[in-house]
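# Sequence first, then the predicted structure, then my questions.
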Amino acid sequence: MKFDAIITGGGLAGLMCGIRLAEAGKRCAIVSRGQSALLFSSGSLDLLSRLPDGQPVTDIRAGLETLSRQAPQHPYSLLGADRVFGYAADAAALLARCGLTLQGETALSHQRLTPLGTTRGAWLSPPEVPRQPLAWRDVTIAGIAGFLDFQPEFVASSLAKRGIVTRTAELQLPALDPLRLHAGEFRAVHIARNLEQPDVLAALVEELLPLARDTDALLMPACLGLEDDQQWHWLNQQLPCPLYLLPTLPPSVPGLRMQRALERRFRALGGTLMPGDEVRRITVNPGEPIAVETRNHGDITLRSQHVVLASGSFFSNGLIADRSGVREAIMGLDVAQSASRSDWYQTDFFKPQPWQQFGVQVDARLQPTLRGAAQPGLLAIGSVLAGYDPIAQGCGGGVCAVTALHAAERILGAGGTEL
C-alpha cells in the first residue's frame, strides 16, 4: 500500500499534519494505537505560558525571542519566532475549518478558569470556558449529585478569594440514576451521552432555571456536547444569566470533541485512518520509499517517501523508560536525556521535572537521527520531541500544532522527493 505520507500517531500533532496534507491533495494514512492524550485535555490549547526560568509570558513574540536564548533546543527555537507565529495563525484557521470554535489571539495569551477555580495561561479556548477578566460580583457553581470528577467547593473557595460571592448547588437529574449505580460509569462522557436525549436536557434546564436567577453567572462541569457546542448555545438561550462550563477530570468532553472533529475532517478529505493499529517497524533506506510495518496489516507493508513520527511521549508509549535509559519506541532514534537517572527528576513534585524534556533529537527541519545519522524522509513532531516542558512552560498544544504544520509544509515543498 503506497501513500504520499504516513503518520504514526493519531493525536493532535498527527491529525493536524494529516489534515494539512490531505487539504493539499496528498494521499495520507494515519496509524493510531488508540485514544490519544486529547481525551485527557481541557479542550484549550497553550502556545507559551512560561519561560524556562519561570517568568510568565503574555506577549508571545517577546517570549519567543527570550526563549531562543534560554532554551536553544526548544522546538520553537529551532524553527524561529517568525515561523512559530505564522504556523500558530495557520493552526487556528485549520481548527476552525474542522468546525471547532475556539477563541484567543496568537500575540497575547489569556487566562482561563480551571476546574479548581484557579487560572492557567492559554492560547485558544472553547467559548464556554470562562476567561479573565471575570466580571462577576456573584456566581453559582452547580455540581451533579454523585459525580465525583467535579467539586464545586474547590471552585467556590478559589473564586471567593478574588472577592466574588459564591454559591454552590447540586443538580439531581434523576435520569442519571442508572449511571450512579455504577461509580465507574459515572463519567463526563457518559453524562454527555445521556444529555443528548431531549427529555434529559429539558430536565437540566428545569433544574438550572432557579439557580440562574439573581446571579451574574452559572458554572457547571463540561458534560455537554460530544460533537459540537450547540447544546451549550441552546442552554444559554433558555437561561437568564450566562452559563459557563469547566472541564472535568478525564475523560474530557471538550478533548473528545476536538479529537472527533479532527478525525471527521481528515476522513472527509479522503485521509485513511487506521485506529487500533500499531507501527511495529520503520525501515529507512536512502533512495527507496520508507517501509512501515504494522501489527494489523501483517505482511502488507505500507510505503511512502515521507513518514512523520507523531507517536507521543511516555504517556502514549512513543518514549519508553527502563533501567538502561530512555528510548524511542519504534526505531530507537537518538534521544536527548540525562545520563544519570538521579538527574531525571527533582524531589519536589511541584518543580519542573527534567524528564519532561527528554525526547527525540531533531534539527530545524525536524529530521531525527539514528546513531548520529540523519534519516531521509523521516520527520518527528509533537510530544515525542526533546527540548521542552509542556506542563511547566505551558506549550504542549502549541508545539504539537506548530511542528505538525511545519512538517506538512516540508513534505509539500519536497514533492515526491526525499526530505
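All right, it came through fine.

# okay, now N285: neighbour count?
Residues near N285, counting by other Cβ atoms under 10 Å, number 10. C-beta coordinates here come from the backbone N, C-alpha and C atoms, glycine included.

# give me the beta-bridge partners of I6?
A29, V307 (DSSP bridges).

# what sits against it?
Taking Cβ atoms under 8 Å, 6 or more residues apart in numbering as the definition of contact, the neighbours of I6 are C28, A29, I30, V31, I290, V292, L302, S304, H306, V307, V308.

# Check S158 too.
With contacts defined as Cβ under 8 Å, 6+ apart, S158 is in contact with L116, G117, T118.

# low-scoring stretches of the stretch 201-350 of the chain, by residue?
For the stretch 201-350 of the chain, not a single residue meets the criterion pLDDT under 70.

# hey, where'd the strands end up in it?
Here the stretch 201-350 of the chain has its strands, by DSSP state E, counting those that start in this stretch, at 218-221, 243-246, 272-275, 279-283, 290-294, 302-304, 307-309, 319-322, 325-328, 335-336.

# Tabulate the ones you listed (a markdown table), appending distance to L385 and mean neighbour count.
Shown next, in a markdown table, are those (distance: least, Cβ to Cβ, whole Å; neighbours: other Cβ atoms under 10 Å):
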| stretch | distance to L385 | mean neighbour count |
| --- | --- | --- |
| strand 218-221 | 33 | 26 |
| strand 243-246 | 30 | 22 |
| strand 272-275 | 23 | 17 |
| strand 279-283 | 17 | 16 |
| strand 290-294 | 19 | 20 |
| strand 302-304 | 21 | 20 |
| strand 307-309 | 9 | 31 |
| strand 319-322 | 10 | 14 |
| strand 325-328 | 11 | 18 |
| strand 335-336 | 9 | 16 |
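
# Out of those, the one nearest A386 is which?
With Cβ to Cβ as the measure, strand 335-336 is the member of the strands of the stretch 201-350 of the chain nearest A386 (3.7 Å).

# And the contacts of the helix or strand just after the closest one?
Proceeding C-terminally, strand 335-336 gives way to strand 359-360 as the next helix or strand, assigned by DSSP states H and E. Where contact means Cβ under 8 Å, 6+ apart, the residues beyond strand 359-360 that reach it are 309, 313, 319, 328, 333-336, 368, 380, 383-387.

# at 6 Å instead, please
Applying Cβ atoms under 6 Å, 6 or more residues apart in numbering, the set of residues contacting strand 359-360 from outside is E328, L333, V335, P368, A380, V384, L385, A386.

# what do you get for stretch 399-418?
The set of residues that contact stretch 399-418 without belonging to it, under Cβ under 6 Å, 6+ apart, is 5, 12-13, 16-17, 20-21, 24, 75, 79, 84, 87, 90-91, 305-306, 308, 366, 376-377, 379, 381-382, 419.

# thinking again about what came up before, please identify the one among the contacts of strand 359-360 that lies nearest to F186.
Taking Cβ to Cβ as the measure, V384 is the one of those closest to F186, at 34.0 Å.

# For that closest one, give me its contacts.
Contact analysis of V384 by Cβ under 6 Å, 6+ apart lists L309, S311, G312, G318, G359, V360.

# Throw those residues into TSV and include distance to A183, thanks.
Rendered in TSV, the data for those read as follows (distance: Cβ to Cβ, whole Å):
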residue	distance to A183
L309	38
S311	33
G312	29
G318	32
G359	37
V360	39
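
# Separate out the buried members of those.
Among those, those scoring as buried are L309, S311, G312, G318, G359, V360 (criterion: 16 or more other Cβ atoms under 10 Å).

# Please identify which pair of the contacts of I6 lies farthest apart.
Across these (Cβ to Cβ), the longest gap, 15.1 Å, separates I30 and I290.
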